[in-house]
Structure formats: structure tokens, C-alpha cells
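Undergrad: Structural data only, the sequence is not supplied:
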């Protein structure tokens, strides 16, 4: 009875949520291996197997975010990234156009914005799926019998199939959020990364046995991996507590006494969202350039310059992470709104004048966000460093650090936090003996 794992399955609500989440993730993994109609799977597998030794960093990068579905040319080959890209665009549009922001604040406005976002996701999917068909046609020039139908029918069927697959993934993510455990979108990304772990480990063992990789380097990278995981957990749990004092007040016929509380500002308030947003922004033009670049010279140049192993890509990656860290923190933690709520409830921050609360909170957030964003950027470029310093293959280095590591640790902490909350609600002990798990916003 004292075992928390046993307690999870004794609570009916929690057991049903876990089973539902697991079933939805199984559906996602099945869809990741179902090919688009009109693709010869054997010829496609033989082509990517022949390219394995030379390696295509762009395809490996796109395949990483699709959970292996991109190289399978499956119905889920675009993954959930078009939806994330459109959500970024919508967040920016809400800031640029005040009318849209006003609509979002009205009754039922949030549903309207979500409907606009879904329509925009369809448009993004159609653009990316067309680029995918062009990439398939470029492969078919060097591989006989890759396409079992004509180019025009394949283009139409592939665009409709891939777009429908992404929209279905959106629905799965929403159902997991509503009826399962955790944020559905983040769990789909998490499942795609975890599904690639066995293959990456097997490839690593094979390279060590063949002498392609030095065992000492592998041990060093593994120690680095464990250390970075510990640092990510420590950083995700860190907080800066802002003390707030509330004076006595009368509500109706009752008098409420003075209260002393605090506002918890995380060291990294935006969690792993800046990394996901930055990756999504770079993935969209990268996919267009890499898939159509064979026919258009200047797009081919862009594809080569924006290679995930290149210097320009990593510089843009770091800058975008810092930008989205500040951007999302201002959206989710608005100092003006926080200060307004403190004043309206008769609160005050010790040593700070009432009219200076916004300035004080903004100063604290800026001091927190900068080191937090630099920390995220440092972890995000670890795969490039591992490939450059230790000559690791991209399929392994992407899983040893960077975005994958942040997502794995962050989503795991968030899911464990929700499980512990449900256990506490049903009068069971939590997952940890000391303290309480703190989830992060994703």
C-alpha cells in the first residue's frame, strides 16, 4: 500500500488516464510507420540505408522531430511541428494586431483564436507537404520504382494524407490533455524521441565494436550526459521567491487577517518552450529549402548554409532561444498584470513603493531570464559540440543533449507532477518522500 507505483493503479481516475494516454501514444507510433500511399517502402528503405554512411544532417534533423516518421514517409511525417509553428505565428499576431488580442479577451474569443490557429496549421501543412512531394520526386530520379503512381496523383494524395495526419495528431494531443495525463502535444514529442533511443543505443554499440568510436569518448560523453541531466533537473526546479504582504481587509462581515506569501518566479520561467519554438522556426524554412533545393539553385544554397552542423544555424538557434525566452516570459508573466493584482488585493512588496512594483518585477524577471536563456542555449548546442569534438553520428548526438534532453527531462517532471497531484487529491502519498515535484509550463 505504501508503494506509490501500486497506488497509481489503485486510483480509478488515474488508472484510466494512464491507460488512455498509453493507447493514444500507441496509435501515434503505429501511424509513424504507415507509409504514404504511392510509396514503395522497400526501395525507400534501401535508399536511406545507402545514405546512412554518408549521412544527411538535414534529413536526420527533420526525422528527429518527427520521431523517425520522416524517413519512413509516413502519414505522420510532419509530426506536430506545423501546429507549433502556427502557434508561434499566432502569438506574434496577437501582439502586432490589437484587434486580434481584443477578440481573444472576449467571451468565446479563445475558441475563435484556436479555430484561426487550426486553419493556419492546415495552410502550413499544405506548404510543407508539397515540399515533401518534391523531395520524393527528387529521390525517384535516382531510385527506380520509388513511386507506384503518377507524379500528379502522388502529389495530391500525399498532400492530403500528410495534412490529415498532422491534424489527427493535433486531435490526439488535445484528447491526451483533456482525458489523459500531461500536455498532449509535449507528450507526442516526448514519445517520438523515446522511440528513437533503442535504435540509437544499438547503433552506438555497433560503432564501438567496429572501432569507429573510441570507448573512452563514449564514457566521457555518457558522464557529460548524466551531469547535464542533473543540471537540467536542478535548473527546472529552481525558484526566486518574491515576498508579498497583504494587509487586513474586511469582506462582507468578515475580517481577514494579514497574510505573508510570495510569488514564485522560476529561474527559467518559460521552461523548454523557447527551445521548441526556436527549433520549429528554423525547421520550417530548412525543410522547404532542403526538399525543393535540388531544383532551385538559391534554395540549395540556403539549405547548405542552414545545415544543423553549420555555424550560422547554431548562431541563429542561440539568438532565437534568447528571444523566445524573453517573449514567452512577458506573455505568461506580465509584470503589469501581476502588480495590478497585488495592489487590488491590498498587497505590497517589502521595501518597494506601490508605484514601483512593475519596475521591480520587470527588473527581477530580466535578471532571471537572461542566465536562464543562456543556459538553455548552451544545452541546445551540445549535440553540435559532441559531433564536432567526438565524431558522434547525428542520430546519437541529438539524443545525448540539446532539445531532446530538455524535452525528456521537462516533460517527465511535468507528468510526474500531475500524477503526484492526482495521488494527493485521492489521499495517497506522492511519488517522492521529501518535498513536492514542481512541473514546468510546456
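TA: That came through fine. Remember, it's a predicted structure, so these values are computed and weren't measured experimentally. Residues are numbered from 1 along each chain as shown.
Undergrad: neighbours around residue 119, how many?
TA: By the criterion of other C-beta atoms under 10 Å, residue 119 has 10 neighbours. Yep, even glycine has a C-beta here, placed from its N, CA and C like the rest.
Undergrad: The host helix or strand of it packs against which elements?
TA: Here residue 119, judged by DSSP states H and E, is contained in helix 109-140. Packing contacts for helix 109-140, counted by 3 or more C-beta pairs under 8 Å, 6 or more residues apart in numbering; DSSP states H and E, involve helix 81-96, helix 98-105, helix 151-179, helix 273-292.
Undergrad: how about the ones you listed, which one is nearest residue 71?
TA: Comparison of the helices and strands packed on helix 109-140 against residue 71 by C-beta to C-beta identifies helix 273-292 as nearest, at 13.0 Å.
Undergrad: Give the buried residues for the closest one.
TA: By neighbour count with 16 or more other C-beta atoms under 10 Å, helix 273-292 contains the buried residues 273-284, 286-292.
Undergrad: circling back: so which of the helices and strands packed on helix 109-140 comes closest to residue 348?
TA: Of all these, it is helix 98-105 that lies closest to residue 348, at 27.8 Å by C-beta to C-beta.
Undergrad: average model confidence for the closest one?
TA: Mean pLDDT, helix 98-105: 82.
Undergrad: begin at 890 from here
TA: Yep, numbering from 890; the last one is helix 987-994 now.
Undergrad: If I take that helix and helix 970-985, what angle do their directions form?
TA: Orientation check (axes from the mean of the first three to the mean of the last three C-alpha atoms, to 10 degrees): helix 987-994 against helix 970-985 gives 110 degrees.
Undergrad: What residues sit buried inside stretch 1099-1106?
TA: residue 1102.
Undergrad: typo on my end, it should be stretch 1258-1265
TA: By 16+ other C-beta under 10 Å, the buried positions in stretch 1258-1265 come out as 1258, 1261-1262, 1264-1265.
Undergrad: Select from these every entry located in helices.
TA: Taking DSSP state H, the ones among the buried residues of stretch 1258-1265 that sit in helices are 1258, 1261-1262, 1264-1265.
Undergrad: quick one: which of those is nearest residue 1022?
TA: residue 1265 (34.8 Å).
Undergrad: all strands for the stretch 1090-1239 of the chain, in order.
TA: For the stretch 1090-1239 of the chain, the strands defined by DSSP state E, counting those that start in this stretch cover 1128-1135, 1138-1140, 1143-1145, 1148-1155, 1236-1237.
Undergrad: show me what contacts residue 1203?
TA: By C-beta atoms under 8 Å, 6 or more residues apart in numbering, the residues touching residue 1203 are 1270, 1273.
Undergrad: if I look at it, how far off is residue 1177?
TA: 20 Å (C-beta to C-beta, to the nearest Å).
Undergrad: Please apply the same query to residue 923.
TA: 24 Å.
Undergrad: How about residue 1214?
TA: With C-beta to C-beta as the criterion, residue 1214 and residue 1177 are 26 Å apart.
Undergrad: now residue 1275
TA: 27 Å.
Undergrad: remind me which residues of this protein are low pLDDT?
TA: 890-896, 940-947, 950, 1137-1148, 1179-1185, 1282-1284, 1287-1291, 1315-1331 (pLDDT under 70).
Undergrad: Tell me which residue is most central in the chain.
TA: residue 1165 (4.2 Å; C-alpha atoms, centre = their mean).
Undergrad: Skipping its backbone neighbours, what lies nearest it in space?
TA: residue 973 (6.2 Å; C-beta to C-beta, 6 or more residues apart in numbering).
Undergrad: Could I get the contacting residues of the one you found?
TA: If you count contacts by C-beta under 8 Å, 6+ apart, then residue 973 has 1074, 1165-1166, 1169 around it.
Undergrad: now residue 1033
TA: If you count contacts by C-beta under 8 Å, 6+ apart, residue 1033 has them with residue 932.
Undergrad: In three-state terms, label it for me.
TA: Following DSSP: H, G, I helix; E, B strand; the rest coil, we place residue 1033 in the coil state.
Undergrad: measure it to residue 931 for me?
TA: 12 Å.
Undergrad: Please report how far the residue nearest to residue 1304 when sequence neighbours are not counted lies from residue 914.
TA: Distance criterion C-beta to C-beta, 6+ apart; nearest residue to residue 1304, sequence neighbours excluded, is residue 1071 at 4.3 Å. Taking C-beta to C-beta as the measure, residue 1071 falls 11 Å from residue 914.
Undergrad: Relative to residue 968, which of the ones in helices among the buried residues of stretch 1258-1265 is nearest.
TA: residue 1265 (21.2 Å).
Undergrad: surely the closest one meets residue 1298?
TA: No: contact status for residue 1265 versus residue 1298: not in contact, 12.0 Å apart, counting by C-beta atoms under 8 Å.
Undergrad: Understood, closing this out.
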